[in-house]
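J.: pasting the sequence and the predicted model now:
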Amino acid sequence: MENTSSSTVRVIRCILCPSGCPIQANLDSKGNVTFEGYTCKRGLEYAEQEYYEPKRILTTTMRVENGFLPLIPVRTDMPIPKDKLKDVLKEIVKIKVQPPIKMGDILIENVLGLDANIIASRDLNKI
């Protein structure tokens, strides 16, 4: 982030297509934000989302009891607010799942009331 006397500029790199446009979010002294450098509507929507409420897909592992492997890879089935990632990780670490598990199975439903589920990213059988 760069500070000037009249505004603050934050550059957001769009990741929606191979062009990777660098979009400048300009915050003026009155608190107004303008976006420059996008080449399509999707780029503008991405930059606005990333500026105001960044979200991420969380990928991690979850403990398994009596499984062929001690951990199973999991992820959220939709992006969640970036500032909630640590809270969701703390919730995941509290739980051990039981096999058999199929890829896509919901292991935690509506985690922390975020409307996102924690789902399995692979199949896993019992020992």
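T.: Structure received.

J.: go through this structure and flag its longest helix.
T.: Taking DSSP state H as the criterion, the chain has its longest helix at helix 41-52.

J.: where exactly do the helices run in the protein?
T.: With helices called from DSSP H, the chain shows them at 41-52, 85-93.

J.: in stretch 31-47, which residues are buried?
T.: F35, G37, Y38, G43, L44, Y46, A47 (16 or more other Cβ atoms under 10 Å). Any C-beta I mention is one placed from the backbone N, CA and C, and that applies to glycine too.

J.: still on that earlier bit, among the helices of the chain, which is nearest T60?
T.: The minimum distance between T60 and these falls on helix 85-93, with 6.2 Å, by Cβ to Cβ.

J.: quick one: contacts of that closest one?
T.: 56, 58, 60, 62-63, 74, 76, 80, 108, 111-112, 114, 118 (Cβ atoms under 8 Å, 6 or more residues apart in numbering).

J.: could you redo the last one with a cut-off of 10 Å?
T.: 55-56, 58, 60-63, 74, 76, 80-81, 84, 107-108, 111-112, 114, 116, 118 (Cβ atoms under 10 Å, 6 or more residues apart in numbering).

J.: same deal with stretch 28-43?
T.: In this structure, residues lying in contact with stretch 28-43 by Cβ under 10 Å, 6+ apart are 4-17, 19-27, 44-48, 51-52.

J.: average pLDDT for it, rounded please.
T.: Averaged across stretch 28-43, the pLDDT comes to 95.

J.: now do stretch 96-114
T.: 98.

J.: how many neighbours does the nearest residue to L69 once chain neighbours are set aside have?
T.: Among residues not flanking L69 along the chain, L124 sits closest, at 6.1 Å (Cβ to Cβ, 6 or more residues apart in numbering). Using other Cβ atoms under 10 Å, L124 has 21 other residues around it.

J.: the contacts of stretch 28-43 in strands, which ones?
T.: 7-13, 22-27 (DSSP state E).

J.: now list the buried members of those.
T.: Buried members of these, counted by 16+ other Cβ under 10 Å: S7, I12, I23, Q24, A25, L27.
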